[in-house]
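Participant: prediction below, plus the sequence it came from.
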Amino acid sequence: MAGRLDGKIAVITGTGSGQGRVAAQLFAAEGATVFGADVDAAGQAETERLVAMTGAVVDLTDDAAVKRWIDSIGPIDILYANAGATRFNSVADTTFDEWSWVLRHELDIVFLPVHHAWPHLREGGSIVLVGSTAGITGSRTNRRIAHTATKGGVVAMTKQLAAEGAGRGIRANCVSPGMIRTPATEGDLLADDHPMRAIASAIPLGRIGEPVEVVRAALFLASDEASYITGANLVIDGGWSAVLPG
């Protein structure tokens, strides 16, 4: 039985752990030839042990390093710009250094792979970016001015990429997760001492999401099944952003 990505070259960033590792597994299982990268050498090595893929250790905020990596791959059918890291703080307490760090690790880290992959994308290619419910709503319990700005930027970037790519048959879409259970969220937002630890009670589906639930949506958008979808932001949050609390 043919896979949904048979014959496709898929480039995935942030494959050393979390949603990126799950993406490498699912995309490879659906027939894609996967090229992945992460700054975490140990994590990347573990993913390569689990998945038949070509991995690289790359600082995805380094322009020259990203260009070298992307240029070494050749023609690309799918770019899944998954990598990112963040810090949470209020507008009053966010320093300029912290603001700049978050922009580098949530916006530059998306722009650079897209920028360097752009000339390599085949006609009919697909770009999938990762936004967040933080990019479309504010929060009173999670002070996150820089994270909100970057994820709003990713959602907006998706629409511009869709506009610029249409003439070449390149689609660009975004997945925007809500609260997903990952090592990162368990260490901060879902930690016992965080005010959002009981957030599942405010989510209509009554639970925290799993990484595979985000990746399945990205897989759909990357595949030819979504051939008439571009410029979309698919929110994956159990209905969290669709309702008022209470």
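Facilitator: Alright, I've got the coordinates. Numbering: from 1, shown residues only.

Participant: any buried residues in the helix or strand hosting residue 153, and which?
Facilitator: When secondary structure is defined by DSSP states H and E, residue 153 falls within helix 145-165. Buried positions in helix 145-165, judged by neighbour count with 16 or more other Cβ atoms under 10 Å: 145-155, 157-159, 161-162, 165. For every residue, glycine as well, the C-beta is placed using N, CA and C.

Participant: the closest residue to residue 162 other than its chain neighbours - how many residues pack around it?
Facilitator: Nearest residue to residue 162, sequence neighbours excluded (Cβ to Cβ, 6 or more residues apart in numbering): residue 231, at 3.4 Å. For residue 231, the neighbour count with other Cβ atoms under 10 Å is 16.

Participant: likewise the one 5 residues further on?
Facilitator: The tally of other residues near residue 236 (other Cβ under 10 Å) stands at 19.

Participant: list the residues that contact it.
Facilitator: With contact taken as Cβ atoms under 8 Å, 6 or more residues apart in numbering, residue 236 is in contact with 175-178, 209, 213-214, 217.

Participant: so which of these are in helices?
Facilitator: Counting by DSSP state H, these place 213-214, 217 in helices.

Participant: which residues does the longest strand belonging to the chain contact?
Facilitator: Scanning the chain for the strand with the most residues, using DSSP state E, yields strand 121-130. Residues outside strand 121-130 that contact it (Cβ under 8 Å, 6+ apart): 19, 75-82, 84, 110, 114, 117, 154, 157-158, 161, 165, 168-177, 214, 218, 221-224, 226.

Participant: now, these that are in strands?
Facilitator: Per DSSP E, those map to strands at 76-81, 171-177.

Participant: now rank those by neighbours and give me the top one.
Facilitator: Top of the ones in strands among the contacts of strand 121-130 by neighbour count (other Cβ under 10 Å): residue 80, with 31 neighbours.

Participant: my read: that residue touches residue 218, true?
Facilitator: Yes - with contact defined as Cβ atoms under 8 Å, residue 80 reaches residue 218; the gap is 5.9 Å.
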